[in-house]
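A.B. asks: Output the structure for:
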Amino acid sequence: MNIVYVVEDFSENGGVERIVAQKANTLASQYNHKVSIISVYSDKRPMLYCIDKSVEIIKLEVPFAKKGKWRVSTFVSRVSTLAIAAKRMNKTVKRLRPNIVFFTTTLGALLLPLCRTKAKRVYESHLARPFNPFQKLFGFMERQADAVVCLTKGDATHFRNAKRVQIIPNFIELPHSYVQDYYRKRCIAVGRLEYQKGFDVLIDCWQTIAHEFPDWHLDIYGTGSQYSYLQLKINRLGLDDYITLCGRSDNIMEMYPQYSLHIMPSRFEGQGIALVEAQACGLPSVVTDYIYGASDIVTNRYNGILVRQGDREAMINAILEMMDSEKLRREYGNNARIAARKYTKDNIMCKWVELISSLQ
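C.D. replies: Modelled structure (predicted):
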């Protein structure tokens, strides 16, 4: 089978790029498919994810759209960029002659209807449709795609006009180590430092938490545009001794076992892969019931506690309850390892192989 992935910018350090790299490598090396990755935008940064030598990387070198002072100029630039991308993509696809083309992210949704090919066209939804600013334009893609693949049950409900909708979550690699000491008074939160992740709310909550449990510490891993804002908030609230912004970790799976509680205050997610990874390492989680995917992963009072979105008091109480009981952390943590098994690479890749076979 000849398979092509279309991504916006493969030099991005994002979850989409990582999972595409992992799937491409697996399909090529383990299942002997011919796999190519088309990266649309021009970006001189080095690629961060390792690619199997049999996987071809093709860069279309399309310039990024320019944001002008006026809406009209911005719109014209975006349309021009889309036209250039479509032309170069079609030329490349014609050369590659694939059987299946997978389109990812927003640009992929816009390019799918413009792709002139006899190959099957599949759209991968990595961000819940209601939160995509261009989702009103997805109708063209939805009707023309041979399949739409969603990460969660909630997102799948928004593609009612698609010929076929399939739910296939992202997978994780099995951790090499697990939580051993649930007595540790350390919490971990992981994600990009952006509004979506809700770390501003978590920091506000920590005022009360630090007063009740001053011997506990919160480490937040990640980088993003809100770093300065969040650090200033920590300083202003006098929480410097209780919260640390740790930056990006090159191997976060090695960090999880050093903690005894995971917290995810996200406002929304595509799936929440950090949550799955933390659970796989044996960490119990306190999680906002974000849209979508939290309840797909966490069963309330089994492997963590789900908190209603926007309820800060409930978030504080859930964290305090978990901090107060090593027994509860251990129980939920052991259950978390069991619950995370369905997200292993072998289990999830079987679903992709079945989908690919059914589209022949």
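
A.B. asks: and the longest helix for the chain?
C.D. replies: The single longest helix within the chain, with elements called by DSSP state H, is helix 71-96.

A.B. asks: quick one: Thr299 and Ile338 touch, right?
C.D. replies: No. Contact criterion Cβ atoms under 8 Å: Thr299 and Ile338 do not qualify, at 10.6 Å. Heads up, the C-betas are built off the backbone N, CA and C, glycines and all.

A.B. asks: Give me the number of neighbouring residues for Ile348.
C.D. replies: By other Cβ atoms under 10 Å, the residues close to Ile348 number 20.

A.B. asks: Could you list the residues in contact with the regular element (helix or strand) spanning it?
C.D. replies: In this structure, Ile348 sits in helix 345-358 according to DSSP states H and E. Outside helix 345-358, the residues that touch it by Cβ atoms under 8 Å, 6 or more residues apart in numbering are 1, 3, 22-23, 26-27, 30-31, 33, 100, 122, 147, 149, 166, 168-174, 341.

A.B. asks: Distance from that helix to the middle of the chain?
C.D. replies: Distance, stretch centre to chain centre, for helix 345-358: 19 Å (Cα atoms, centre = their mean, to the nearest Å).

A.B. asks: Could you tell me which residues within stretch 217-230 count as buried?
C.D. replies: For stretch 217-230, a neighbour-count test (16 or more other Cβ atoms under 10 Å) marks His217, Leu218, Asp219, Ile220, Tyr221, Gly222, Gly224, Gln226, Tyr227, Leu230 as buried.

A.B. asks: are any of the contacts of helix 345-358 buried, and which?
C.D. replies: Judged by 16+ other Cβ under 10 Å, buried ones among the contacts of helix 345-358: 1, 3, 22-23, 26-27, 33, 100, 122, 147, 149, 166, 168-172.

A.B. asks: when you check those against the helices, which ones overlap?
C.D. replies: Per DSSP H, helices hold the following members of the buried ones among the contacts of helix 345-358: Gln22, Lys23, Thr26, Leu27.

A.B. asks: Would you convert those into TSV that also reports pLDDT?
C.D. replies: Listed next are these as TSV, based on pLDDT from 0 to 100:
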residue	pLDDT
Gln22	93
Lys23	96
Thr26	95
Leu27	96
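
A.B. asks: Now do the helices in the stretch 101-250 of the chain.
C.D. replies: 105-111, 138-144, 153-156, 199-212, 227-236 (DSSP state H, counting those that start in this stretch).

A.B. asks: returning to what we had before: could the C-alpha coordinates of the helix holding Ile348 be exported in PDB?
C.D. replies: Extracted C-alpha coordinates of helix 345-358, given in PDB (Å, rounded to 0.1, in the frame of the first residue of the first chain):
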ATOM      1  CA  LYS A 345       0.900   1.300  20.300                       C
ATOM      2  CA  ASP A 346       0.000  -2.300  19.300                       C
ATOM      3  CA  ASN A 347      -3.700  -1.900  20.200                       C
ATOM      4  CA  ILE A 348      -4.100   1.400  18.400                       C
ATOM      5  CA  MET A 349      -2.100   0.500  15.300                       C
ATOM      6  CA  CYS A 350      -4.300  -2.500  14.800                       C
ATOM      7  CA  LYS A 351      -7.200  -0.100  14.300                       C
ATOM      8  CA  TRP A 352      -5.300   1.900  11.700                       C
ATOM      9  CA  VAL A 353      -4.300  -1.200   9.900                       C
ATOM     10  CA  GLU A 354      -7.900  -2.400   9.800                       C
ATOM     11  CA  LEU A 355      -9.000   1.000   8.500                       C
ATOM     12  CA  ILE A 356      -6.400   1.000   5.800                       C
ATOM     13  CA  SER A 357      -7.300  -2.500   4.700                       C
ATOM     14  CA  SER A 358     -11.000  -1.600   4.500                       C
END
